[in-house]
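Asks: sequence first, then the predicted structure, then my questions.
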Amino acid sequence: MDKSKQFDEYRNRYKEFYYNRYSIREDEQAIYIEYEFEIPELAIFNPQLKILKKDYKIKSLDSKYVQNMVFHMGMIELISYWKSTCSPDVIIKCGYLNEEQKKWWKKIYFYGLGELFFVNNIKTNIEDFMNIKCTQENKIEYETIEDESNGYIVPIGGGKDSIVTLETLNINKEDYCLIINPKEVTLKCAEIAEISNNNVIEVYRTIDEKLIELNNQGFINGHTPFSAMLAFTSYFIAYLLSKKYIAVSNENSANESNVKGEKTNHQYSKSFEFECDFEEYANKYLKAPVKYFSFLRPLNELQIAKIFSRLEKYHSTFKSCNVGSKEKEWKWCCKCAKCLFAFIILSPYLYKEKLINIFGNDLFEDKELLNIFIELTGHGETKPFECVGTFEEVNFAISKTIENIEKARNVNELDRELPYLLKYYKENFGLVDTKEDITLRYNTENNLTEEQNEMLKREVFLSDK
């Protein structure tokens with residue numbers, strides 16, 4: 001069925017989506033959070049979170065602040081289930097939101113689902129796609145929590161960005177890293193960073209199987225704002241552990257739209273706009289002394305790749321391929337946009353032998369990647385819907401790699417052709433001007449403290465020393 005017609009049909013058939021309840025409990029092993037969402041006459045969903053307990057002190061869960069944060073975590077969790085039918089009315093039965101809050105949530109839902117709407121050819125607008133209604137009228141006032149919080153929580157996902165954050169912040173034994181649904185790769189990255197197991201916060205997020213069944217039956221499916229879920233979850237954990245900073249690793253490049261002339265961004269919940277919106281919302285409605293920010297916001301992807309290229313102890317471990325992450329052993333699939341982008345952005349610094357050792361293949365020789373390659377360079381209709389860098393960064397990296405190859409060829413008097421994709425690029429698009437080194441930029445539009453800015457600047461501007 002045409003998804004745009006399916007959108008209208010489901011909205012007429014399933015007019016309401018219920019956020020019925022949330023619960024939180026604990027035992028000696030973990031904290032357990034469960035939600036109940038309902039699409040009447042279709043399904044009841046019970047997604048869960050489990051936060052393992054280790055040798056660290058946790059605040060009491062018997063608090064109105066804890067209840068409020070867990071309720072809000074449910075507000076972002078529900079979008080994964082709501083999207084199945086895109087019901088016009090969302091009925092909140094277990095919490096209160098004022099009109100300003102409802103407007104805030106509609107914004108993150110609408111733009112966080114921008115890719116889903118675009119890919120499924122769903123035409124709607126921020127005013128009409130959803131109405132949020134609350135059955136509870138009693139508003140609870142919250143005072144700002146007075147707490148001597150300090151230190152960092154650094155969420156890590158196995159890719160180069162969070163590794164650069166870990167290494168540059170040089171976190172100590174008082175700090176933590178956070179992993180959602182840990183894999184061997186993410187746990188190994190923490191080990192390489194010399195973070196003790198007691199300082200690795202493991203969160204296990206379980207998707208209700210009924211949602212997977214609906215996806216398999218052809219109900220509406222697509223990308224949801226995972227990073228917004230991470231923001232609320234890490235904020236809650238930072239409060240429990242009295243940590244002051246949540247240092248995520250979203251770069252400046254995340255602000256670019258995937259569709260030219262439109263605000264359709266696969267990485268919307270990684271954007272600076274969302275970061276600022278979340279900080280403002282948390283200060284006003286969650287009230288904990290916790291600061292959520294991106295440590296890498298001043299940088300572009302090429303700068304991060306340049307720093308990472310020197311962190312050789314991680315090169316055989318890190319992974320960021322979403323396709324490969326679904327396998328029992330996380331590998332680079334070497335066929336997707338994420339793999340090709342990572343290969344491109346590291347190529348000015350690691351091509352050829354070191355990069356082949358990481359990926360197992362020379363992706364520049366793979367003719368089947370041509371269409372993805374064209375899209376990544378900005379010569380296609382859209383940018384791939386993946387967490388990839390800007391067109392400027394990609395074109396700069398490719399041009400720089402070609403220059404490096406040709407320079408080495410002249411020095412060694414080697415007569416060999418460029419690899420297939422690079423030859424295609426030079427012949428069809430031409431090299432961009434690399435005289436201005438974009439790895440020496442520094443975006444001052446960020447939420448870092450002066451001390452954090454100085455730490456990052458040292459890494460950027462001394463990286464060639």
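Replies: Noted; the coordinates are in hand.
Asks: ok, residues contacting the biggest helix by length in the chain?
Replies: Longest helix in the chain, counting residues (DSSP state H): helix 391-412. By Cβ atoms under 8 Å, 6 or more residues apart in numbering, the residues outside helix 391-412 that reach it are 253, 256, 300-302, 305, 341, 344-345, 347-348, 351, 376-378, 383, 388, 414-416, 418, 422, 425-426, 429, 431-432, 434, 438. C-beta: built from backbone N, CA, C; applies to glycine.
Asks: those residues in helices, which ones?
Replies: Going by DSSP H, the helices hold 301-302, 305, 341, 344-345, 347-348, 376, 422, 425-426 from these.
Asks: adding neighbour count and distance to residue 154, write those residues out as CSV.
Replies: Shown next, in CSV, are the ones in helices among the contacts of helix 391-412 (neighbours: other Cβ atoms under 10 Å; distance: Cβ to Cβ, whole Å):
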residue, neighbour count, distance to residue 154
301, 27, 19
302, 27, 22
305, 26, 19
341, 26, 23
344, 29, 26
345, 30, 21
347, 24, 27
348, 22, 27
376, 27, 28
422, 23, 35
425, 23, 36
426, 15, 40
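Asks: any idea how far apart the tips of stretch 283-301 sit?
Replies: With Cα to Cα, to the nearest Å as the measure, stretch 283-301 spans 29 Å from end to end.
Asks: low-confidence ranges in the stretch 151-300 of the chain?
Replies: 253-266 (pLDDT under 70).
Asks: show me the helices in it, by range?
Replies: For the stretch 151-300 of the chain, helices defined by DSSP state H, counting those that start in this stretch occupy the ranges 160-169, 184-192, 209-216, 226-241, 272-285.
Asks: specify the angle between the last one and helix 226-241 in degrees.
Replies: Computed by axes from the mean of the first three to the mean of the last three Cα atoms, to 10 degrees, the angle separating helix 272-285 from helix 226-241 equals 40 degrees.
Asks: and if you look at the third one?
Replies: Between helix 209-216 and helix 226-241, the angle comes out at 170 degrees (the same axes, to 10 degrees).
Asks: now residue 79: how far from residue 327?
Replies: According to Cβ to Cβ, to the nearest Å, residue 79 stands 27 Å off from residue 327.
Asks: wait, I meant residue 121
Replies: Using Cβ to Cβ, which is the criterion applied here, residue 121 is 31 Å from residue 327.
Asks: now do residue 459
Replies: 33 Å.
Asks: between those two, who's got more neighbours?
Replies: Each of residue 459 and residue 327 has its neighbours counted (other Cβ atoms under 10 Å); residue 459 has more, 17 against 10.
Asks: which residue ranges of this protein form strands?
Replies: 16-26, 30-39, 43-45, 48-52, 89-92, 131-134, 152-155, 176-180, 200-206, 245-248, 291-294 (DSSP state E).
Asks: mean neighbour count and distance to residue 405 added to those strands, as CSV?
Replies: Converted to CSV, these look like this (neighbours: other Cβ atoms under 10 Å; distance: least, Cβ to Cβ, whole Å):
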stretch, mean neighbour count, distance to residue 405
strand 16-26, 18, 54
strand 30-39, 20, 52
strand 43-45, 18, 52
strand 48-52, 18, 48
strand 89-92, 19, 54
strand 131-134, 16, 55
strand 152-155, 24, 36
strand 176-180, 23, 37
strand 200-206, 19, 41
strand 245-248, 24, 35
strand 291-294, 21, 33
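Asks: export those to a markdown table and tack on distance to residue 188?
Replies: What follows is the strands of the chain, written out as a markdown table (distance: least, Cβ to Cβ, whole Å):
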| stretch | distance to residue 188 |
| --- | --- |
| strand 16-26 | 28 |
| strand 30-39 | 22 |
| strand 43-45 | 33 |
| strand 48-52 | 18 |
| strand 89-92 | 40 |
| strand 131-134 | 42 |
| strand 152-155 | 16 |
| strand 176-180 | 11 |
| strand 200-206 | 11 |
| strand 245-248 | 20 |
| strand 291-294 | 24 |
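Asks: quick one: which of those is nearest residue 322?
Replies: Across the strands of the chain, residue 322 has its closest neighbour in strand 176-180 (14.1 Å, Cβ to Cβ).
Asks: any idea how far residue 44 is from the residue nearest to residue 291 when sequence neighbours are not counted?
Replies: Of all residues not flanking residue 291 in the chain, residue 245 sits nearest, at 5.4 Å (Cβ to Cβ, 6 or more residues apart in numbering). To residue 44, residue 245 is 38 Å away according to Cβ to Cβ.
Asks: ok, residue 141 to residue 285 distance?
Replies: 11 Å.
Asks: of those two, which one has the most company?
Replies: Neighbour comparison, residue 141 and residue 285: the larger count goes to residue 285, with 16 against 6 (by other Cβ under 10 Å).
Asks: next, the contact list for the more buried one, please.
Replies: Residue 285 neighbours (Cβ under 8 Å, 6+ apart): 68, 72, 101, 142.
Asks: for ChimeraX, what selects the buried ones among those?
Replies: Command for ChimeraX that selects the buried part of the contacts of residue 285, burial taken from 16 or more other Cβ atoms under 10 Å:
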select :68,72,101
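Asks: output the contacts of residue 285 in JSON lines, with pLDDT and distance to residue 172 appended to each entry.
Replies: Shown next, in JSON lines, are the contacts of residue 285 (pLDDT from 0 to 100; distance: Cβ to Cβ, whole Å):
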{"residue": "68", "pLDDT": "95", "distance to residue 172": "31"}
{"residue": "72", "pLDDT": "97", "distance to residue 172": "30"}
{"residue": "101", "pLDDT": "96", "distance to residue 172": "37"}
{"residue": "142", "pLDDT": "76", "distance to residue 172": "32"}
